[in-house]
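K.L.:
Prediction below, plus the sequence it came from.
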Amino acid sequence: GAVVSQHPSWVICKSGTSVKIECRSLDFQATTMFWYRQFPKQSLMLMATSNEGSKATYEQGVEKDKFLINHASLTLSTLTVTSAHPEDSSFYICSARPTGPNTGELFFGEGSRLTVL
Amino acid sequence: AQSVTQLDSQVPVFEEAPVELRCNYSSSVSVYLFWYVQYPNQGLQLLLKYLSGSTLVESINGFEAEFNKSQTSFHLRKPSVHISDTAEYFCAVSSYTDKLIFGTGTRLQVFP
């Protein structure tokens, strides 16, 4: 099946620093990738939709200057949390939609747990 | 726009008992429906999906879900659960051109 890889799976950083999380589709091309955020014991909240070669579309309430998304190729999207603060600590999950006919199905990465001290 | 409601935040059940996790959705267009499972500190794994065709869909590990358009439901069932089924289960909906929207999740806790 289609595999999506996220890196790093765990990251701890100091407040004020920036952290980059990568999302790669390993065996398929993805024109569209999605970034979700999950707080403990809660559902996944869509943060933004990332389209290859164009600007990301952010959901209401998500700060685009804080959560920078780049989708430079059909297999890679990155999320950079800039000037991270403890309240940014969360589980970030990416998903990818394969190119071709859209069946609505997404393939998810294993998630990246960010802890900001 | 679509939305998903999972009526039960937690479902405790004994091993080998049957279980049903409820999911209702709302949408003004045709939808695709999914159930995902999440084990602690892991990403999501697709359990099963309804895209079209038969309204009863099954997974390889004994779960099944039935798409009921009149009741706008997509409940997940398993006739006999195992300890290893303990996890968080998310119902999700999308349309042909829209993003995937998740319900709030149901924590299935299987006790010996």
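P.N.:
Right, received. Where do you want to start? What you see is a predicted model, and the numbers here were worked out from it, not measured in a lab.

K.L.:
drop to CA atoms for contacts and neighbour counts, all remaining ones
P.N.:
OK.

K.L.:
Give me the local confidence score for residue A:1.
P.N.:
pLDDT, residue A:1: 66.

K.L.:
any idea how far the residue of chain A positioned farthest from its centre lies from residue B:3?
P.N.:
What lies farthest from the middle of chain A is residue A:101; by C-alpha atoms, centre = their mean that is 22.6 Å. For residue A:101, the distance to residue B:3 (C-alpha to C-alpha, to the nearest Å) stands at 23 Å.

K.L.:
neighbours around residue A:117, how many?
P.N.:
Number of residues near residue A:117 (other C-alpha atoms under 10 Å in any protein chain shown) recorded here: 13.

K.L.:
shouldn't it be in contact with residue A:87?
P.N.:
No. With contact defined as C-alpha atoms under 8 Å, residue A:117 does not count as touching residue A:87 (9.6 Å).

K.L.:
Tally up the residues packed near residue B:68, please.
P.N.:
Residue neighbour count, defined by other C-alpha under 10 Å, stands at 13 for residue B:68.

K.L.:
whoops, I mixed them up, residue B:102
P.N.:
The burial count for residue B:102: 23, using other C-alpha under 10 Å.

K.L.:
And the pLDDT for it?
P.N.:
90.

K.L.:
so which strand or helix has the closest residue to it other than its chain neighbours?
P.N.:
Nearest residue to residue B:102, sequence neighbours excluded (C-alpha to C-alpha, 6 or more residues apart in numbering or on different chains): residue B:92, at 4.3 Å. Assigned by DSSP states H and E, residue B:92 falls within strand B:87-94.

K.L.:
just the strands in chain B please.
P.N.:
Secondary structure of chain B (DSSP state E): strands at B:3-5, B:10-14, B:19-21, B:24-26, B:32-38, B:44-50, B:56-58, B:64-68, B:73-78, B:87-94, B:101-102, B:106-111.

K.L.:
burial count for the residue of chain A found nearest chain B?
P.N.:
Nearest residue of chain A to chain B: residue A:110, at 3.9 Å (C-alpha to the nearest C-alpha). Neighbours of residue A:110 under the rule other C-alpha under 10 Å: 25.

K.L.:
Quick check: closest non-adjacent residue to it.
P.N.:
What sits nearest to residue A:110 in space, not counting adjacent residues and going by C-alpha to C-alpha, 6+ apart, is residue B:43, at 3.9 Å.

K.L.:
ok, the residue of chain A closest to chain B touching residue A:10?
P.N.:
No. Between residue A:110 and residue A:10 there is no contact under C-alpha under 8 Å: 10.6 Å.

K.L.:
Burial check on residue A:8, number of neighbours?
P.N.:
The burial count for residue A:8: 16, using other C-alpha under 10 Å.

K.L.:
Would you mind listing what in chain A touches chain B?
P.N.:
A:42-46, A:93, A:102-104, A:106-111 (C-alpha under 8 Å from any C-alpha of the partner chain).

K.L.:
mind saving the C-alpha coords of stretch B:11-22 as CSV?
P.N.:
Below are the C-alpha coordinates for stretch B:11-22, written out as CSV (Å, rounded to 0.1, in the frame of the first residue of the first chain):
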residue,chain,number,x,y,z
VAL,B,11,-16.9,2.5,24.8
PRO,B,12,-15.8,0.0,27.4
VAL,B,13,-16.4,-3.6,26.5
PHE,B,14,-15.3,-7.1,27.7
GLU,B,15,-13.2,-9.3,25.5
GLU,B,16,-15.2,-11.4,23.0
ALA,B,17,-18.3,-9.2,23.3
PRO,B,18,-19.8,-7.5,20.3
VAL,B,19,-19.3,-3.8,19.9
GLU,B,20,-20.8,-0.9,17.8
LEU,B,21,-19.2,2.5,17.4
ARG,B,22,-21.6,5.0,16.1
